[in-house]
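> My questions concern the predicted model and sequence given below.
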Amino acid sequence: MQIINAQITLLVNGEEKTFSEEELVAILEKHFFDTTTEQKIHNPISGPKEGELFEINTIDIDRSLFREQRKDINQEKMRQTILKALSVAKTYPEMYCKTFWTLWPVKAWKRKNSFELDKLAFNLGGHIANWVEQSLEWAQRIRNGESLEKICNDADTANWYRLVRWRHDCYLRVGGAGMSDNGYPAYHVDFNYLHPYADLDDTVPLVVLRHK
């Protein structure tokens, strides 16, 4: 490469081409802009995916992300639920303030009841998430860059509901089920308490995994 009188001569495809400094800067800026844009398209911020571990690091979640009150009812409910979960985590750090992972298993069965899904979570080496762990998953997604609006208002991208143990140790389904085309957001909590032996054909357990 030669620089002569603010001009730069480069060998391009076997031929010498001369560019002014301004032309070369414009070319490089366009290249890096296009590359960054392409990376954003192919690698968007995403949350948990079926069959993949999703890492949750509670001590890295900043409460200030949830400081602002929301006019949208669902957004405000989730904000308050997350703040309560963070308070519980602070009270029981040995349980919630160590890195853990959630997993949406790939559904390879036709139907299972809540007890069977609970047993499946155990056989996978973990347990079904409680309301605190589910709330921390939502919080981690927002910490990772997803918007609160997306989680509360947009249709869930998951194929199946997730089974969790909510308050009072009751089984509830959370999120949406794309296979059922219901349009529920990831924050959706179905407060119809499930009978432990009722068959569920559109639900997987939300599994929590920790270091032994």
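Nice, I can see it. These numbers were taken from a predicted model, which means no experiment stands behind them.

> Can you classify K71 as helix, strand or coil?
The three-state label given to K71 by DSSP: H, G, I helix; E, B strand; the rest coil is coil.

> Count the neighbours of it for me.
Counted with other Cβ atoms under 10 Å, the neighbours of K71 add up to 6. C-beta: built from backbone N, CA, C; applies to glycine.

> From R79, how far off is it?
11 Å (Cβ to Cβ, to the nearest Å).

> List the buried residues in stretch 153-161.
Across stretch 153-161, burial judged by 16 or more other Cβ atoms under 10 Å covers D156, A158, N159, W160, Y161.

> and for stretch 178-185, what are the contacting residues?
Stretch 178-185 has contacts (Cβ atoms under 8 Å, 6 or more residues apart in numbering) with 74, 150-160, 175-177, 202.

> Okay, and L163 sits in which element?
For L163, the host element (DSSP states H and E) is strand 161-165.

> tell me what that strand is packed against?
Counting contacts by 3 or more Cβ pairs under 8 Å, 6 or more residues apart in numbering; DSSP states H and E, strand 161-165 packs against helix 114-123, strand 127-128, helix 131-143, strand 171-174, strand 203-205.

> Nearest to L83 among the ones you listed would be which one?
helix 131-143 (9.0 Å; Cβ to Cβ).

> Tell me the buried residues in that closest one?
By 16+ other Cβ under 10 Å, the buried positions in helix 131-143 come out as 131-143.

> give me the low-pLDDT residue ranges for this protein?
1-16, 19, 21-46, 212 (pLDDT under 70).

> what residue is smack in the middle of it?
Relative to the mean C-alpha position of the chain, the nearest C-alpha, by Cα atoms, centre = their mean, is the one of G47, at 2.2 Å.

> Now for it: which residues touch it?
Per Cβ under 8 Å, 6+ apart, neighbours of G47: F54, R141, N144, E146, I151, T157, A186.

> Equivalent analysis for Y187, please.
N74, K77, M78, W138, I151, C152, G175 are the contacts of Y187 under Cβ under 8 Å, 6+ apart.

> What of D202?
The contact partners of D202, taken as Cβ under 8 Å, 6+ apart, are W160, Y161, A177, M179, S180.

> The nearest residue to it once chain neighbours are set aside and L148: what is the separation?
In space, and not counting its chain neighbours, D202 is closest to A177: 4.7 Å by Cβ to Cβ, 6 or more residues apart in numbering. Remark: distance between A177 and L148 (Cβ to Cβ) = 21 Å.

> now do P105
According to Cβ to Cβ, P105 and L148 sit 26 Å apart.

> higher neighbour count, these two?
Set P105 next to L148 and count neighbours by other Cβ under 10 Å: L148 wins out with 23 against 18.

> for the more buried one, what are its contacts?
Contacts of L148 by Cβ under 8 Å, 6+ apart are R70, Q75, M78, R79, I142.

> Please apply the same query to G51.
By Cβ under 8 Å, 6+ apart, G51 lies in contact with L103, W104, P105, V106.

> which ones are touching the residue nearest to D202?
Counting by Cβ under 8 Å, 6+ apart, A177 touches D156, A158, N159, W160, Y161, Y184, D202, T203.
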